[in-house]
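[1] turn this into a structure:
(one chain, ligands or ions: 3)
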Amino acid sequence: MAELRPKIVKLCKIIGGVSGVVNKIDENAPEYYSLANIVTDDEADVAIAAGLRKERTAAWLAKKVGKSVEETEKLAKHLAWIGVFRCTYDEKEGVDKYFMQIFAPGIMEMLVNNKELLETHPEVGRAFEEYTRKRMELMSAVIPQGYGLMRVIPIESAIKDDPNANDFDKLSYYLNKYNKFSVSPCSCRSSRTSINDGCGHLADEMCIQMGKGAEHYIRTGRAREITREEALEIIKRAEENGLMHDIPNIEEAGESAAICNCCSCACFGLRVGLMFGARDVIRSNYVATIDEAKCVACGMCVETCPANALKLGQKLPTRADTSAPEYKKMTDVIFSKDVWNPNYRENFEDTLPTGTAPCKAACPAHIAVQGYLKLAAQGKYTEALELIKRENPFPAVCGRICNKRCEQECTRGNVDEAVAIDEVKRFIADHDLDKATRFVPKMLNQTGKPFTEKIAIIGAGPAGMSCAYYLANKGYPVTVFDRNPVPGGMLTLGIPNFRLEKDVLNAEIDILREMGVEFKCSVEVGKDVTLQQLREQGYKGFYLAIGAQKSAKLKVPGEELKGVLGGVDFLREVNLGNKVEIGKRCAVIGGGNVAMDVCRTAVRLGAEKTYIIYRRGEEEMPADRDEVKEAKEEGVEFRFLCAPVEILGENGKVTGMKVELMELGEPDEKGRR
Ligand code: SF4
Ligand code: SF4
Ligand code: SF4
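    Numbering: from 1, shown residues only. Ligands and ions are numbered 1, 2, ... in the order given. Modelled structure (predicted):
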């Protein structure tokens with residue numbers, strides 16, 4: 001083990017600030033191992049001489065360390081390049097001044113923001129993570145109220161009507177106060193990425209420096225100079241992307257060197273509050289409150305809050321006490337080790353343990369049903385549609401063919417009838433079919449510009465098109481390949497027109513085109529073009545959404561006879577406009593929605609007699625009640641408790657079917673008989 005270097009140990013004690021004296025400095029201390037390989041003893045002498053938080057000239061430092069001014073200036077400049085010193089020009093005195101900040105927030109961010117240093121000395125990235133975790137473990141229990149070392153600043157538009165708002169709670173105050181601005185990568189995200197613990201939020205051009213901080217960052221190549229307007233744009237974009245603002249609170253009162261645009265998944269400052277419960281490190285002067293008169297229960301605040309401070313609950317119609325269930329808020333928790341939350345990044349809970357609205361919980365896409373119902377009730381159809389499309393890009397399709405699990409669970413059904421959720425969705429979506437009122441989502445990503453990495457999606461069915469929608473919304477150039485001549489997959493080829501009109505589906509697909517999605521149909525990836533060839537064409541990402549379109553087999557003798565068709569194959573041929581021979585009498589085997597689509601299509605193709613052959617009873621049929629009713633009205637005859645055992649035929653053609661009569665057994669674990 002190499003011997004500890006006393007000068008580096010001494011420097012580490014100084015930059016530890018108030019806790020420096022008690023911090024144990026050995027070769028495993030993050031302050032030590034991050035500086036030991038990059039700071040020479042001569043440089044350590046200069047830094048120790050400068051002391052904490054005092055502006056020094058090279059001449060002053062030279063006297064202290066007994067070296068020439070030129071030599072000292074060289075050492076100080078290198079310390080500034082590393083990030084131990086901040087270097088700014090004093091116009092009055094006409095000299096550069098050097099200033100040493102505490103380790104974090106301060107020096108650590110500057111070390112990590114030196115890209116060359118981070119690449120050649122990745123231990124500085126590790127040290128930032130470790131320092132802010134290990135040191136805060138000890139410190140967090142004794143953080144005084146109002147300390148606000150990395151104080152959260154509210155979104156300014158949210159406090160614009162507050163006459164008591166303080167200047168230092170407004171970003172505009174800082175933006176107006178300074179004349180120099182720069183933008184650099186986020187140091188926490190850079191550090192996390194360097195240790196393979198990145199969160200996916202963008203690191204580049206995210207954090208804004210101001211005043212002397214900006215001057216130093218620009219001079220040492222850490223940041224790009226920007227205008228005040230550009231700084232405002234970055235702040236706005238961060239807000240649109242669900243990031244929050246923090247400022248380091250280590251300068252004089254009302255001063256700050258930076259505005260961070262943070263996410264709780266990367267930010268080490270927020271971690272102190274969220275992992276160790278030391279909320280006074282980050283506490284804002286504001287607490288979010290919900291205006292019950294305006295809230296439409298869209299749930300976006302819950303999903304967006306980076307601190308997971310909000311949860312969705314439910315109020316069930318009952319005569320019993322309907323007060324919200326008891327749960328501990330963070331502010332009720334007394335800080336101690338047993339309440340630490342080391343998994344705070346993964347353990348986000350959006351709902352109370354007692355659950356949330358049954359309709360939202362039952363919907364496979366978890367659409368905020370209450371939210372769009374209420375917005376629709378207020379006549380805000382576009383907002384309602386926007387909310388639906390956050391989870392489901394094809395509301396007009398779902399408004400026609402969804403099996404409405406939301407309505408099955410709707411608790412209003414216990415009183416009289418379930419809310420007509422799907423009908424409302426259909427109404428909202430149909431409003432959008434008109435080009436004049438069509439909603440095309442705005443591209444949204446942290447860079448504010450489209451990405452250049454091309455993405456190939458294989459399969460233009462609902463999964464592939466949904467993926468295309470959300471990637472295009474993020475700004476990716478997306479191409480969807482499909483072997484069929486038209487996009488839509490099962491929506492186009494598996495569902496008959498009388499249930500889902502093609503013009504409705506095509507109108508929703510057109511939105512994707514308007515968002516820039518390109519469709520390449522009649523191209524079978526794997527045959528016409530390989531993934532390798534697509535890679536060579538510049539595609540960087542692939543999403544395989546090839547579906548499961550094979551018809552289920554009956555596994556009975558005679559299945560190979562001419563005239564026996566798989567349900568999905570039959571529907572595809574009809575939807576493609578191909579002629580399908582069905583004869584005069586058709587038997588459709590099964591009791592689900594596909595069987596209903598097939599029998600109703602057979603009726604439309606001119607079958608004189610169409611039967612549904614189903615091995616259970618009517619109650620047990622999984623098909624929608626409406627579909628069954630309409631099939632009956634169209635003349636389809638139902639044969640329940642009949643299971644096919646053989647398809648009969650002559651000369652290779654179907655002539656009949658042998659069935660076995662069934663009896664319902666005891667309910668299985670799902671209650672099915
Ligand atoms: S649920 Fe929606 S409307 Fe209600 S407070 Fe949250 S974001 Fe606002
Ligand atoms: S109709 Fe379907 S998609 Fe719409 S909310 Fe209900 S379950 Fe979800
Ligand atoms: S739609 Fe039904 S389940 Fe959903 S919140 Fe309203 S009453 Fe409750």
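[2] in the stretch 351-500 of the chain, what residue is nearest ligand 1?
    Using C-beta to the nearest ligand atom, Gly371 is the residue of the stretch 351-500 of the chain that sits closest to ligand 1, at 6.4 Å. Every residue, glycine included, has its C-beta placed from N, CA and C.
[3] Provide the secondary structure category for that residue.
    Under DSSP: H, G, I helix; E, B strand; the rest coil, Gly371 falls in the helix class.
[4] dump the residue contacts of it.
    Shown in contact with Gly371 (C-beta atoms under 8 Å, 6 or more residues apart in numbering): 296-300, 384, 387.
[5] please apply the same query to Ala368.
    Neighbours of Ala368 in contact, by C-beta under 8 Å, 6+ apart: 297-300, 360, 387, 390-391.
[6] right, and Leu385 touches Leu433 too?
    No: judged on C-beta atoms under 8 Å, Leu385 makes no contact with Leu433 at a distance of 10.7 Å.
[7] looking at these two now, which is surrounded by more residues?
    Leu385 (23 against 16; other C-beta atoms under 10 Å).
[8] CA atoms only: put the strand or helix carrying Arg271 into CSV for me.
    Arg271 belongs to helix 268-276 when assigned by DSSP states H and E. C-alpha atoms of helix 268-276 as CSV (Å, rounded to 0.1, in the frame of the first residue of the first chain):
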residue,chain,number,x,y,z
PHE,A,268,-26.6,13.5,-5.4
GLY,A,269,-28.1,16.5,-3.7
LEU,A,270,-31.6,15.2,-4.0
ARG,A,271,-30.3,11.8,-2.8
VAL,A,272,-29.5,13.2,0.5
GLY,A,273,-33.1,14.1,1.1
LEU,A,274,-34.6,11.1,-0.6
MET,A,275,-32.3,8.4,0.7
PHE,A,276,-31.3,9.7,4.1
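[9] is ligand 1 within reach of whichever helix or strand comes after that helix?
    Following helix 268-276 in sequence order, the next helix or strand is helix 300-304 (DSSP H and E). Yes: residues of helix 300-304 contacting ligand 1 under C-beta under 6 Å from any ligand atom: 300-301.
[10] now helix 300-304: mean pLDDT?
    Mean pLDDT, helix 300-304: 90.
[11] flag every buried residue along it.
    Val302 (16 or more other C-beta atoms under 10 Å).
[12] just stretch 29-41 next, same as before
    For stretch 29-41, burial by neighbour count (16+ other C-beta under 10 Å) applies to 29-36, 38-39.
[13] can you list contacts of that stretch?
    For stretch 29-41, the surrounding residues in contact (C-beta under 8 Å, 6+ apart) are 4-5, 7-9, 11-12, 15-16, 23, 25-27, 47, 75, 79, 82, 84, 103, 108, 111, 117, 121, 123-124, 126-128, 130-131, 134.
[14] where does the stretch 251-400 of the chain dip in pLDDT?
    316-335 (pLDDT under 70).
[15] number of nearby residues for the closest residue to ligand 2 within it?
    The nearest approach of the stretch 251-400 of the chain to ligand 2 comes at Cys363, 3.0 Å away (C-beta to the nearest ligand atom). As a burial measure, Cys363 scores 23 neighbours (other C-beta under 10 Å).
[16] what sits against it?
    369, 405-406.
[17] run the chain-centre distance for stretch 202-213.
    In terms of C-alpha atoms, centre = their mean, to the nearest Å, the centre of stretch 202-213 is found 23 Å from the chain centre.
[18] buried sites along stretch 597-607?
    597-603, 607.
[19] ok, now stretch 40-50?
    Residues 43-50 are the ones in stretch 40-50 that count as buried (16+ other C-beta under 10 Å).
[20] repeat that for stretch 564-577.
    Here stretch 564-577 shows 564-568, 570-572, 574-575 as buried, counting by 16+ other C-beta under 10 Å.
[21] now, which of those sits nearest Gly547?
    Nearest to Gly547, judged by C-beta to C-beta, of the buried residues of stretch 564-577 is Val568 at 10.1 Å.
[22] thought that closest one was touching Gly494?
    Yes: in this structure, Val568 is within contact of Gly494 by C-beta under 8 Å, at 5.8 Å.
[23] what sits in contact with each of these two?
    549, 594.
[24] what residues does the helix or strand hosting Val659 touch?
    Using DSSP H and E, Val659 maps to strand 653-661. Strand 653-661 is contacted from outside by 558, 561-564, 583, 587, 613, 639, 641-649, using C-beta under 8 Å, 6+ apart.
[25] of those, buried ones?
    The buried subset of the contacts of strand 653-661 (16+ other C-beta under 10 Å) comprises 558, 561, 564, 587, 613, 641-642, 644, 647, 649.
[26] return the residues of this structure in contact with ligand 1.
    290, 295-301.
[27] of those residues, grab the buried ones for PyMOL.
    Buried subset of those, written as a PyMOL selection, criterion 16+ other C-beta under 10 Å:
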select buried, resi 296+297+298+299
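[28] out of the residues of the chain next to ligand 1, who's nearest ligand 3?
    Ala297 (7.8 Å).
[29] contacting residues around that closest one?
    Ala297 makes contacts with 312, 357, 368, 370-371, 374, as judged by C-beta under 8 Å, 6+ apart.
[30] repeat the analysis, applying 10 Å as the threshold.
    290, 312-314, 356-357, 360, 368-375 (C-beta atoms under 10 Å, 6 or more residues apart in numbering).
[31] ok, Cys295 next?
    Going by C-beta under 10 Å, 6+ apart, the list of residues near Cys295 reads 301, 370-371, 374.
[32] the longest helix in the protein is where?
    helix 123-139 (DSSP state H).
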